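In: I'll drop the sequence and a predicted model, then ask my questions.
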Amino acid sequence: MNDLLAQLFTAATLAVILAKVTPILLAALGGALTQQANVLNIGLEGMMLLGAFASISVGITTGNSFIGLVAGVLAAALLALIFAIIVLHFHADEIVVGIGVNLLAVGLTVFLLVTLYGNAGVTPPDKTITLPKISLGPLAEIPVLGPTLNDQTVLVWLAFAAVPLCSFLLYRTRFGVHLRAAGEDQAAAQAAGVRVLRVKFMSVLLSGVFCGLAGSQLAMATIGAFSADMTAGRGFIAVAALTFGLARPVRTMVAATIFGAADALSDLLGIAGINSNIALMMPYIITIVALVFSGLRIRSLLRGNAQSQKMRPS
C-alpha cells in the first residue's frame, strides 16, 4: 500500500493525471454551460467520440495535427447543432435525444472505420498523429511541478485556462447573464427581452466545441490513433462532474480532477497486480458515490429554498 501511495505522488503519475483530467474537464465545462441554460446535455459522450475520430482521421490524412484538431471541433459542433435543433426547435426530450446522439456517434464512427480503413476496431497502426508537446525548458527542472507540467499538450493548458474564462463568461458578461436568466426562469427572461432560444443554442454549440477539444486530446495526446468507443464513458463522467460541481466552473474542475485521479489510480492498481476488473471499476464507483452526494446536496438546497419562500411574508 505504501508503495502504491509513493507511485501516486510521483511527477510522472501527476502528469498522467493531468492528461486524464483534461478531456473530462473540457467536456464537463461544455456541459456546465448548457446546464446553466437548463439544458442537460447527455450527448457529451457522442460529441467527444465523433470529435476524436474526426481529429485522427483528418489529422493523418493531412499530416497536420492542428487541422485535425479543427476538424474534431467542427465535427463535435455539428453533432451539437443537431442536438440543439431537435431539442430546442422541435422540443424533443433532451435525455432521449442525448442518448440518440451517443448511439449515432458510436454507429457512425464504426461505419467510417470500416469504410475508410477496412477495420471496425481501430485506425491503421502505421498511421498516427499526435499533438505537439509544450516544453518548459529550464522550468522543467523545478522539482515535481516542472516534470508534471513539462511536455503536456496545449489542450491541457487550455483546459485549465478555460475554467476562469468560463467563470468570466458566465458571471461578467451580458451573454452569461442572459444564459443564467434563461436557465433560471425562461418566461421572465423572455419578458425582459432575452433571446432565450438564441442563448441556449449558443450554449449547446459551445458544449460541442469543448467536446471536440476533449475528443482531440483523448485521441491525439499520446496514442495518436482512434479505437471504437474510445471515450469509454468519459462523457458520462463529465456529466457527473458538472452535476457534482453544480455546473460552476471551479467546482466542476475540482470534480473532474477527482475523477481523472480515479482513472489514473485504476491504472496504478492494474500495474500493482490488483484485480483488473476492480481497477477498471474505480472511476465509475467514485462517479456513483459523487452523484449520490451531489443529489443529496441538491435536495437539501431545494428544501432550504422552499422553506425560505414559505417564511417570506405574503
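Out: Perfect, thanks for sending it.
In: hey, let's count contacts and neighbours off CA atoms from now on
Out: OK.
In: Give the helix, strand or coil label for Pro143.
Out: Counting by DSSP: H, G, I helix; E, B strand; the rest coil, the backbone at Pro143 sits in coil.
In: any chance you could read off phi and psi for it?
Out: Pro143 adopts backbone torsions of phi -60, psi 140, taken as degrees, to the nearest 10.
In: Restricting to C-alpha, output stretch 145-153 in PDB.
Out: In PDB, the C-alpha atoms belonging to stretch 145-153 read as follows (Å, rounded to 0.1, in the frame of the first residue of the first chain):
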ATOM      1  CA  LEU A 145       5.900  20.800 -10.700                       C
ATOM      2  CA  GLY A 146       8.300  21.000 -13.600                       C
ATOM      3  CA  PRO A 147       8.200  17.400 -14.700                       C
ATOM      4  CA  THR A 148       4.400  17.300 -14.100                       C
ATOM      5  CA  LEU A 149       3.700  20.200 -16.500                       C
ATOM      6  CA  ASN A 150       6.500  19.600 -19.000                       C
ATOM      7  CA  ASP A 151       5.700  18.100 -22.300                       C
ATOM      8  CA  GLN A 152       1.900  18.400 -21.900                       C
ATOM      9  CA  THR A 153      -0.200  19.300 -25.000                       C
END
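In: Which residues outside it are in contact with it?
Out: 11-12, 14-15, 19, 131-136, 139-141, 217, 221 (C-alpha atoms under 8 Å, 6 or more residues apart in numbering).
In: which stretches of the stretch 1-150 of the chain have low pLDDT?
Out: For the stretch 1-150 of the chain, residues meeting the criterion pLDDT under 70 lie at 1-9.
In: ok, which stretches of it are helices?
Out: With helices called from DSSP state H, counting those that start in this stretch, the stretch 1-150 of the chain shows them at 2-8, 11-36, 44-62, 65-84, 94-117, 145-149.
In: For Ala261, find the nearest of the ones you listed.
Out: Nearest to Ala261, of all the helices of the stretch 1-150 of the chain, is helix 11-36, at 5.4 Å by C-alpha to C-alpha.
In: What about Asp126, how many residues nearby?
Out: Asp126 has 7 neighbouring residues, counting by other C-alpha atoms under 10 Å.
In: ok, it to Phe111 distance?
Out: Distance of Asp126 to Phe111, computed by C-alpha to C-alpha, to the nearest Å: 20 Å.
In: So Gln222 belongs to a strand, correct?
Out: Just so we're on the same page, residue 222 is Thr rather than Gln. No - secondary structure of Thr222 (three-state DSSP): coil, not part of a strand.
In: Phi first, then psi, for it.
Out: phi -130, psi -60.
In: so what's it closest to, chain neighbours aside?
Out: Leaving aside its sequence neighbours, Thr222 sits nearest to Thr130 (C-alpha to C-alpha, 6 or more residues apart in numbering; 6.4 Å).
In: can you tell me which residues contact that neighbour?
Out: Applying C-alpha under 8 Å, 6+ apart to Thr130 gives the contacts Ser65, Ala219, Met220, Ala221, Thr222, Ile223, Gly224.
In: go on, Ala84?
Out: So Ala84 contacts Phe201, Val204, Leu205 (C-alpha under 8 Å, 6+ apart).
In: you'd agree the first one is in a helix?
Out: Going back to what we said before, that points to Phe201. Yes - assessed by three-state DSSP, Phe201 belongs to a helix.
In: Distance check, it against Gln36.
Out: 12 Å.
In: same check, this time on Leu213
Out: Per C-alpha to C-alpha, Leu213 is found 20 Å from Gln36.
In: and these two? which has more neighbours close in?
Out: Here Leu213 and Gln36 are compared on neighbour count by other C-alpha under 10 Å; more neighbours surround Leu213, at 31 against 22.
In: Name all residues that make contact with that one.
Out: Going by C-alpha under 8 Å, 6+ apart, the list of residues near Leu213 reads Pro23, Leu26, Met48, Gly51, Leu69, Gly72, Val73, Leu155.
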